[in-house]
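Asker: quick one, what's the 3D model for this:
(one chain, ligands or ions: 1)
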Amino acid sequence: MLKNIKNKLKAVSLFSGCGGLDRGFINAGFEIIWANDFFPDAVETYKKNISNHIILGDIKKIKSSQIPENFDILLGGFPCQGFSIANKKRNMKDERNFLYREMLRIVKDKKPPFFLAENVKGLLSMSGGEVIKMIKKDFESLGYIVDYKLVNAADYGVPQQRERVLILGNRLGIKNEFPESTHGKDKKPYITTKEVVGYLANVLVSFDPQKHNNKLVYNHIARTNVQDNFWGRKYSVSQYAICDYLKFWREKKGLSTKKIDDLFGYKYTAGHWFRKDNNSGSIPNPEDWWRLKKILEFDNKFDKQVTELELKPIKFEQSLRINNWDKPSDTITATGPEIHPNKKRRMSVRECAIIQTFPDNFVFTGSLGNMYKQIGNAVPVLLAQKIGKSIQNMIKKNRIYVN
Ligand SMILES: C[S@@+](CC[C@H](N)C(=O)[O-])C[C@H]1O[C@@H](n2cnc3c(N)ncnc32)[C@H](O)[C@@H]1O
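Answerer: Now for the predicted structure:
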């Protein structure tokens, strides 16, 4: 283990999915010796593109003795739904019983020199920051130096805004290092969506691989449930004006945004109505408007503009279409992609895969929905590769075990 940096560093991968993180680590020069996931289509994709070393099964049922010994890094993006703050009855003690404990168990039993976990940005604010503190402390109690960092994939040359938390630990007593960003202000220009997938706009979607510019294009298939019409507001209405108006009435009532969130019974929603900004502010939908009116008791000034709707044809610029064509794409999610800017279809599986920096010959298997899911779940390959390289540099710089 880590005897000679010239030898490939060995990794074990948990929650591997279709292998975005693993593919990137392989590109960086690591060897993945064992992997696991319980999502059959993702495991099939992994086998097809990476290797048969992946085991299909629930990690909770896999004993540590079934996992190989002597590897250099444990990789894993543990799902964090278990930490949900929605369930207020759960206390911190119970919350520990979720999937990250599996990662903790394997780190404890195998003691690899390094571990790396990737997770959603929301992990940092769960239970007011207590969850990330608990994770850090738990790994530290096993003798690891643990650091975490919020990164945005676009800053690393990925054509996508994707904020994720990286948690890196080592038990070698060295400083953890994360890769330096390369793109953005005063750095290289961001990679745009159009740059990477623009050429596919005129390639017909098809289940079969197709030839384009002497290259085979795989998985260029897409959901086509795109409607020509939508229910839109009958009258034009300014988000700024509505925001000022609602703020005025909220303050008049002496209510905080948080109080309104609580009254509506869901978190982080009402805040948008009091945020004056074209990107993240929003106008309440008619149903919410009437509820809000009961709470704030405002006059009728904007009732008509906000609540009267009509069926309108969808136009090119409609917000449900991908709106970052000339910028890095919005986050590719596991639930379904945005609509193509000028086609009557959603972004194709291949387009999503390209935005997630999967190589062109990485072929996905399963139903359309499950292919989108595998891709949306993945760590962008390029980001993973840069993380892998920076871990190798840490080892070289600290001259650890290098002959
Ligand atoms: C966010 S995805 C990881 C994606 C992966 N890191 C990549 O880059 O492609 C989380 C994965 O955890 C898997 N998973 C969730 N619970 C599991 C369990 N109990 N046992 C094994 N895998 C599980 C899911 O099927 C999913 O593929």
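Asker: and the helices in the stretch 201-350 of the chain?
Answerer: Using DSSP state H, counting those that start in this stretch, the helices of the stretch 201-350 of the chain run over 239-253, 257-264, 286-296, 303-307, 349-355.
Asker: so for the ligand, which of these sits nearest?
Answerer: In terms of CB to the nearest ligand atom, the element of the helices of the stretch 201-350 of the chain nearest to the ligand is helix 349-355, at 11.2 Å. C-beta: built from backbone N, CA, C; applies to glycine.
Asker: render the CA-only coordinates of the closest one in PDB, please.
Answerer: Extracted in PDB, the C-alpha atoms of helix 349-355 (Å, rounded to 0.1, in the frame of the first residue of the first chain):
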ATOM      1  CA  VAL A 349     -29.000  11.200 -22.400                       C
ATOM      2  CA  ARG A 350     -25.900  11.800 -24.400                       C
ATOM      3  CA  GLU A 351     -26.100  15.600 -24.100                       C
ATOM      4  CA  CYS A 352     -26.500  15.100 -20.300                       C
ATOM      5  CA  ALA A 353     -23.500  12.700 -20.200                       C
ATOM      6  CA  ILE A 354     -21.400  15.200 -22.200                       C
ATOM      7  CA  ILE A 355     -22.300  18.000 -19.700                       C
END
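Asker: in the top helix by length along the chain, what's buried?
Answerer: For the chain, the longest helix by residue count, based on DSSP state H, is helix 381-397. By 16 or more other CB atoms under 10 Å, the buried positions in helix 381-397 come out as 381-392, 394-395.
Asker: and which of the residues you listed is nearest the ligand?
Answerer: Nearest to the ligand, judged by CB to the nearest ligand atom, of the buried residues of helix 381-397 is Ala384 at 6.8 Å.
Asker: near the ligand, which residues of the stretch 1-150 of the chain show up?
Answerer: 15-21, 36-39, 42, 58-60, 77, 79, 99 (CB under 6 Å from any ligand atom).
Asker: mind running it again at 5 Å?
Answerer: For the stretch 1-150 of the chain, the residues in contact with the ligand (CB under 5 Å from any ligand atom) are Phe15, Gly17, Gly20, Leu21, Asp37, Phe38, Phe39, Ala42, Asp58, Ile59, Gly77, Pro79.
Asker: need the residues that contact the helix or strand hosting Gly376.
Answerer: Take DSSP states H and E as the rule and Gly376 turns out to sit in helix 368-377. With contact meaning CB atoms under 8 Å, 6 or more residues apart in numbering, helix 368-377 is reached by 17-18, 20, 39, 41-42, 45, 219, 221-223, 332-337, 349, 352-353, 356, 358, 364-366.
Asker: just put the buried residues of helix 381-397 in a markdown table and tack on distance to the ligand and pLDDT.
Answerer: Below are those laid out as a markdown table (distance: CB to the nearest ligand atom, whole Å; pLDDT from 0 to 100):
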| residue | distance to the ligand | pLDDT |
| --- | --- | --- |
| Val381 | 8 | 98 |
| Leu382 | 12 | 98 |
| Leu383 | 10 | 98 |
| Ala384 | 7 | 98 |
| Gln385 | 12 | 98 |
| Lys386 | 14 | 98 |
| Ile387 | 11 | 98 |
| Gly388 | 12 | 98 |
| Lys389 | 17 | 97 |
| Ser390 | 17 | 97 |
| Ile391 | 16 | 96 |
| Gln392 | 19 | 93 |
| Met394 | 21 | 93 |
| Ile395 | 22 | 91 |
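Asker: dump the residues you listed to TSV, plus distance to Gly157.
Answerer: TSV is the format used below for the buried residues of helix 381-397 (distance: CB to CB, whole Å):
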residue	distance to Gly157
Val381	11
Leu382	6
Leu383	8
Ala384	12
Gln385	10
Lys386	8
Ile387	13
Gly388	15
Lys389	13
Ser390	14
Ile391	18
Gln392	18
Met394	20
Ile395	23
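Asker: follow-up on the earlier one: is it possible to mark the buried ones in the contacts of helix 368-377?
Answerer: 17-18, 20, 39, 41-42, 45, 219, 221-223, 332, 336-337, 349, 352-353, 356, 358, 364-366.
Asker: just to revisit the earlier point, most tightly surrounded among the helices of the stretch 201-350 of the chain?
Answerer: Of all these, helix 349-355 has the most neighbours on average by mean count of other CB atoms under 10 Å, namely a mean of 27.
Asker: who touches it?
Answerer: With CB under 8 Å, 6+ apart as the test, helix 349-355 has contacts from 158-160, 193, 196-197, 200, 217-222, 329, 332, 337, 340, 347, 360, 362, 364, 368, 371-372, 375-376.
Asker: spatially, what comes nearest to Asp330 if we skip its sequence neighbours?
Answerer: Nearest residue to Asp330 in three dimensions, chain neighbours excluded: Asn324, at 5.5 Å (CB to CB, 6 or more residues apart in numbering).
Asker: and what of Tyr240?
Answerer: Nearest residue to Tyr240, sequence neighbours excluded (CB to CB, 6+ apart): Lys276, at 5.4 Å.
Asker: quick one: the strands in the stretch 51-200 of the chain?
Answerer: 54-56, 73-76, 114-120, 145-152, 163-170 (DSSP state E, counting those that start in this stretch).
Asker: is the ligand contacted by the last one?
Answerer: No: with CB under 5 Å from any ligand atom as the criterion, the ligand is not reached by strand 163-170; the gap is at least 9.7 Å.
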